[in-house]
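1. Build the 3D model from these lines:
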Amino acid sequence: MSATIKKLWQSIGGKPPSFRYSEEDFRQVFQQNLETCTWEPHTLYSVFTQYDQEYYLAQREAFLHKYRCFYAVAKTILPRKLIELGTCAGSSADAYLSGAPEAAYIGLDVFGENVRHDDQSPWKPYEIAKQLFKARGYKNCKLLRADLRTLERLPSKADMVVVDAAHDFENEYADLKLALTADPAFIFVDDAADELQAKPAIEKFLAEDLKERVDYRISIDYMGGGLVIRLKK
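-> Below is the predicted model:
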């Protein structure tokens, strides 16, 4: 961690500097982090090498932009602890942790297995995520096998919770409510622009569960769309 970041954290009681950001501050810092981002996916472990890689390779630039937005969101927030709902094989976690390498990470997923389209070999996301984290040198990471619908609360508090599991209305809404149990400062919702399923669930969550607790919300422009929700603390 740089001396500048340490000084910022110390000046606000050990909290990430993003705790002081206004909406305009966040937008400016995010844009700078995105414009200067040179992050590249791992050559062996990414959506471009997974079992259905042809879908991602056909839209490589759009997905590369999406994952660089993940990097920029994490670098802007700089969470001390990050929880992700819907880790899969760790591709998005790689972008978040590249942006916030000091963060402790907990990833939850059922880690359902599949077969590769090209050679029908087994594709095991839990093992792939572990290999990816080891290759990148991420040490303070935990992967938890879990059906999110069986959880009443998340395993710990976190500064940032990523909601990126199932995106149908019922599961999206349930995951957003589950995210609140970590008492986060930020919730980041991936694939938030779906007008039929995800977006109505998000609007219900904002109106009924958060009410006056939202400091600001910022839409991030990429394939599927992202939404940053800053909660009042």
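2. Name the surrounding residues that touch stretch 123-134.
-> Applying CB atoms under 8 Å, 6 or more residues apart in numbering, the contact partners of stretch 123-134 are 42, 44-45, 50-51, 87-91, 93-94, 97, 107, 109, 111-116, 141, 143, 145. No exception for glycine: its C-beta is placed from N, CA and C like everyone else's.
3. Could you rerun that using 10 Å?
-> Applying CB atoms under 10 Å, 6 or more residues apart in numbering, the contact partners of stretch 123-134 are 41-42, 44-46, 49-52, 87-91, 93-94, 97, 105, 107, 109-117, 138-143, 145.
4. Narrow the residues you listed to just the buried residues.
-> Buried members of the contacts of stretch 123-134, scored by 16 or more other CB atoms under 10 Å, are 41-42, 45-46, 49-51, 87-91, 93-94, 97, 105, 107, 109-111, 138, 141, 143.
5. In strands, which of those residues appear?
-> Filtering the buried ones among the contacts of stretch 123-134 for membership in strands, criterion DSSP state E, returns Tyr105, Gly107, Asp109, Cys141, Leu143.
6. quick one: which of the residues you listed is nearest to Lys199?
-> Asp109 (22.9 Å; CB to CB).
7. bridging residues for the closest one?
-> Listed beta-bridge partners, Asp109: Arg145 (assigned using DSSP bridges).
8. Okay, it and Glu84: tell me how far apart.
-> Here the criterion is CB to CB, to the nearest Å. By it, Asp109 lies 8 Å from Glu84.
9. Could you do Gly90 as well?
-> Applying CB to CB to Gly90 and Glu84 gives a distance of 9 Å.
10. Now the common contact residues for these two.
-> Both Gly90 and Glu84 are contacted by Tyr96, Leu97, Tyr105, Gly107, Asp109, Leu143, under the criterion CB under 10 Å, 6+ apart.
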